[in-house]
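# Could you work out the structure for the sequence below:
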Amino acid sequence: MILVLRALGVGDLATAVPALRALRAAHPHRELVLAAPRWLAPLVDLVGGVDRLLPTDGLGRVPRPGRPPEVAVNLHGRGPRSHRLLAATRPARLLAFAHPGAGHADGPMWRDDEHEVDRWCRLLGAYGIVADPTDLGLRRPPPVALPTGVSVLHPGSKEPAKRWPADRFAALARALTDRGHRVVLTGTADERAVAARVARDAGLPPGAVLAGRTDLGGLAALVADARLVVSADTGVAHLATAYGTPSVVLFGPVPPELWGPPPDRPWHRVLWAGPASEPGWDGVGSHPTVAAVGVDRVVAAVDEVERTVRV
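The predicted structure follows:
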């Protein structure tokens, strides 16, 4: 058995896809078990090659795979907690970044200035497992009763600092509607209120608010068949990358060099105002690097992406 730890969110799983596929190719006859949150199950099914999801929420409890794994792989973090969590499963071998404090001197050194996709590919490469960082695509999800060809605006994020102001999403929704886009608003159940506010201020019908009405599989299907996605640096942006759906992603405070879509794909645009001056920011609301992005700039980026797609 190969046990992989990645007990995080949608974007985290999406950026680990090349590493997961490389592990599948390196161990074709071993059971590949992914320790990740249960709610990610629909997306795990779309990765392909994962034999079993072992429900694991964060680092609070040791995953119990049933028997000691032959190989445990830490795609969760730099350690020491994640290293120790996997070590508690008594693997014959641990693949992880070096962390002497966790009793693991093997492996390459962690780098803070590295793209998340490249990081896990480099980790496996240090152990002789070749991973292709461009292998980011997901399987097509089953058809669902959701609209196709829509422009998806996703005003939420679990990190408030990443959120573009709701009034600007409303202005963007109006501008796109005027250009002939059919706009829908996505998000979690907790984000339904902000999505409804954006729809109201943009003059969209209540049916345009899909926040809280789709599970993860439905969201993937919606993005896969969408005309466009506009969002913060959050999970839905990674779904757009996985399905080759044109997107505009607003970054901050983390720069796109660490989490953005591949720079060689012109149908994705990143907007990043940084490194912006931050003196005076009280830590409340949108980060200055997001707040500095105006509606006109996003509309221009949408036009650029759409021209690229038409060529």
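# which residues of the chain fall in strands?
Counting by DSSP state E, the chain has strands at residues 2-5, 32-36, 52-55, 71-74, 93-95, 151-154, 183-185, 228-232, 247-251, 268-272.
# mind checking the longest helix of this structure?
helix 295-310 (DSSP state H).
# For that helix, output the C-alpha coordinates as CSV.
Output in CSV follows, covering the C-alpha atoms of helix 295-310 (Å, rounded to 0.1, in the frame of the first residue of the first chain):
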residue,chain,number,x,y,z
VAL,A,295,-13.2,46.5,-12.4
ASP,A,296,-12.0,47.9,-15.7
ARG,A,297,-8.8,45.9,-15.4
VAL,A,298,-10.8,42.6,-14.9
VAL,A,299,-13.1,43.4,-17.8
ALA,A,300,-10.1,44.0,-20.0
ALA,A,301,-8.5,40.7,-18.9
VAL,A,302,-11.8,38.9,-19.8
ASP,A,303,-11.7,40.5,-23.2
GLU,A,304,-8.1,39.4,-23.7
VAL,A,305,-8.9,35.8,-22.7
GLU,A,306,-11.9,35.6,-24.9
ARG,A,307,-9.9,36.9,-27.9
THR,A,308,-7.3,34.3,-27.2
VAL,A,309,-9.9,31.5,-27.2
ARG,A,310,-11.4,32.7,-30.5
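# How far off centre is it?
22 Å (Cα atoms, centre = their mean, to the nearest Å).
# Give me the packing partners of that helix, helices and strands only.
helix 166-178, strand 228-232, strand 247-251, strand 268-272 (3 or more Cβ pairs under 8 Å, 6 or more residues apart in numbering; DSSP states H and E). All C-beta atoms are positioned from the backbone trio N, CA, C, and that covers glycine.
# Go through stretch 132-151 and flag the buried ones.
133, 136-138, 141, 144, 146, 150-151 (16 or more other Cβ atoms under 10 Å).
# What residues does Lys79 make contact with?
To be clear, residue 79 is Gly; Lys isn't right here. Listed by Cβ atoms under 8 Å, 6 or more residues apart in numbering, the contact set of Gly79 reads 96-97, 99, 101-102, 104.
# And the residues you listed, which of them are buried?
Using 16+ other Cβ under 10 Å as the burial test, those include 96-97, 99, 102, 104 as buried.
# So the closest residue to Gly203 other than its chain neighbours versus Ala202, what's the distance?
Spatial nearest neighbour of Gly203, excluding adjacent residues (Cβ to Cβ, 6 or more residues apart in numbering): Arg174 at 6.6 Å. Separation of Arg174 from Ala202 (Cβ to Cβ, to the nearest Å): 5 Å.
# Same question for Arg269.
Taken as Cβ to Cβ, the span from Arg269 to Ala202 is 21 Å.
# Also Trp120?
39 Å.
# can you tell me how far Ser231 sits from Pro37?
20 Å.
# Give me the more crowded residue out of these two.
Higher neighbour count among Ser231 and Pro37: Ser231, with 28 against 19, using other Cβ atoms under 10 Å.
# Spatially nearest residue to Arg93, not counting backbone neighbours?
Leaving aside its chain neighbours, Arg93 sits nearest to Val71 (5.0 Å; criterion: Cβ to Cβ, 6+ apart).
# from what I can see the one you found touches Glu31, true?
No. Val71 is beyond contact range of Glu31, at 11.0 Å (criterion: Cβ atoms under 8 Å).
# Buried residues, stretch 84-97. List them.
By 16+ other Cβ under 10 Å, the buried positions in stretch 84-97 come out as 84-87, 89, 91, 94-97.
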